[in-house]
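[1] Below are the sequence and a predicted model; questions follow.
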Amino acid sequence: MPRLKTFVKWSGNKSRSLKHILPKIPEFETYYEPFLGSGAVFLSLAPQKWVVNDVNPDLYALWQTLASGPEARRFMKCFNDFACVLAGMHKTELLETCKELTQTLNTSRASLKRSVLYLIMKSLVYNRHLYFKDKFKFYTFDLNIHTYADIYLFSQKYADNLRAVCAFLQNSSSSSVHNKDYTDVLKSCKKGDFVFLDPPYVEDHDYQFVYNKEEKLDDRFLLDLRKQVEKLDKKKVKWLMTQADTPRIRHLFGNYFITEFPVYRMPKKKFVKELFVSNYDTR
């Protein structure tokens, strides 16, 4: 089966870093990913047993819907209906429509239509940033949409991959999707399992977007991460974490294995170093 690709745009997703990540993952019984996001690593591995989680309610609803047979079929029909309408629009009309549709996310409740809209708007918006100052807002298209005539989201290739993702999620055994605090998800880990951690990075920046309502990323978040991986150590669970290369991270996790890998940051328009932190030797 061809390697599955992520179907949702998410800032910080690891699609471009898979060549660095996948060789470092050991054999395991059950795969855990408590900060799922776009699920690029998860889908590339396509493990037989898995437990995934994301605290973002819209992202959770999206994954949960695709993992349900009847709901996924309804989702695909709704997605295709939207895609057919939007694909036929001139880009000026499409931009205004995206702005209007995104505004509805501020008042609509959880539903199949909301999940479809969330997926489409996240895929089209600039740099995957859709949530600003406690409100959904669509500013402009992603850069590649300005450049190319065809939009990947509306292509047959995208639809085929989305169907393949649905089939994988629905055919997996002993697997589950959660929407809760990551610490609760990690409680069920046992020896032989593997945890991939891709938490939000705590860095100095002036970005106005956030991924989750009332999200607080500070030193307490990092200290809690440290506490949680220590619990995994005691259970002899192997874990691998991606992190920003900051003095604080190197200090907090200095007694673990740390290696560097390059990542292209679009806002800076250059490659920067990020870190692998693990409780086993990945070299």
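    Nice, thanks for sending it over.

[2] Compute the first-to-last residue distance for stretch 7-17.
    From its first residue to its last, stretch 7-17 covers 16 Å (CA to CA, to the nearest Å).

[3] Quick one: distance of it to the chain centre.
    6 Å (CA atoms, centre = their mean, to the nearest Å).

[4] residues in contact with that stretch?
    For stretch 7-17, the external contacting residues (CB atoms under 8 Å, 6 or more residues apart in numbering) are 5-6, 21, 37-41, 59, 62, 119, 122-123, 125, 127-129, 142, 158, 161-162, 165, 198, 200-201, 209, 211, 242, 261, 263-264, 274. C-betas here are computed from N, CA, C, even on glycine.

[5] now the strands for this protein?
    Remark: strands assigned in the chain by DSSP state E are 31-33, 50-53, 131-132, 135-136, 176-178, 194-197, 238-244, 257-265, 270-278.

[6] Just put those strands in TSV and tack on mean neighbour count and distance to Ser15.
    Formatted as TSV, the strands of the chain follow (neighbours: other CB atoms under 10 Å; distance: least, CB to CB, whole Å):
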stretch	mean neighbour count	distance to Ser15
strand 31-33	23	14
strand 50-53	22	16
strand 131-132	18	21
strand 135-136	16	24
strand 176-178	17	20
strand 194-197	24	14
strand 238-244	21	13
strand 257-265	14	11
strand 270-278	16	14
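
[7] Worst mean pLDDT among the ones you listed?
    Mean pLDDT values for the strands of the chain show the minimum at strand 131-132, a mean of 87.

[8] Glu33: what's it in contact with?
    39, 41-42, 50-53, 195-198.

[9] Spatially central, which residue of this structure would that be?
    Gly37 (1.7 Å; CA atoms, centre = their mean).

[10] which one of the strands of the chain lies closest to Gln170?
    Among these, strand 176-178 comes nearest to Gln170, with 11.4 Å by CB to CB.

[11] Tell me which residues are up against the closest one.
    With CB under 8 Å, 6+ apart, strand 176-178 has contacts from 50-53, 60, 63-64, 67, 184-185.

[12] Tell me how far it lies from the chain's centre.
    14 Å.

[13] any idea how far Phe7 is from the nearest residue to Leu95 once chain neighbours are set aside?
    Of all residues not flanking Leu95 in the chain, Phe141 sits nearest, at 6.4 Å (CB to CB, 6 or more residues apart in numbering). Phe141 sits at a distance of 18 Å from Phe7 (criterion: CB to CB, to the nearest Å).

[14] which one in this protein is furthest away from the centre?
    Max radial position in the chain (CA atoms, centre = their mean) goes to His90, at 29.5 Å.

[15] quick one: that one and Ser11, what's the gap?
    Taking CB to CB, one finds His90 at 27 Å from Ser11.

[16] do the same with Val51
    When Val51 is compared with Ser11 (using CB to CB), they lie 24 Å apart.

[17] What residues sit buried inside stretch 183-195?
    185-186, 189, 193-195 (16 or more other CB atoms under 10 Å).

[18] Between those residues, which sits nearest Leu223?
    Among the buried residues of stretch 183-195, and counting by CB to CB, the member closest to Leu223 is Leu186, at 15.5 Å.

[19] Surely that closest one touches Tyr32?
    Yes: the criterion here is CB atoms under 8 Å, and Leu186 meets it with Tyr32 at 7.0 Å.

[20] Which segments of this protein make up each domain?
    15-56+173-278, 66-169 (automatic domain parsing).

[21] Counting neighbours, which bits of the longest helix anywhere in the chain end up buried?
    Ordering each helix of the chain by length in residues (DSSP state H) puts helix 69-87 first. For helix 69-87, burial by neighbour count (16+ other CB under 10 Å) applies to 71-72, 75-76, 78-79, 82-83, 86.

[22] Equivalent analysis for stretch 52-70, please.
    52-56, 58-67.

[23] between the residues you listed, which is nearest Lys234?
    Among these, and counting by CB to CB, the member closest to Lys234 is Asn53, at 20.8 Å.

[24] Enumerate every residue touching the closest one.
    With CB under 8 Å, 6+ apart, Asn53 has these contacts: 33-36, 60, 177-180, 182, 185.

[25] Quick check: of those, which lies closest to Ala46?
    For those, the nearest to Ala46 is Glu33 (12.5 Å; CB to CB).

[26] gap between that closest one and Asp142?
    Following CB to CB, the distance that separates Glu33 from Asp142 is 25 Å.
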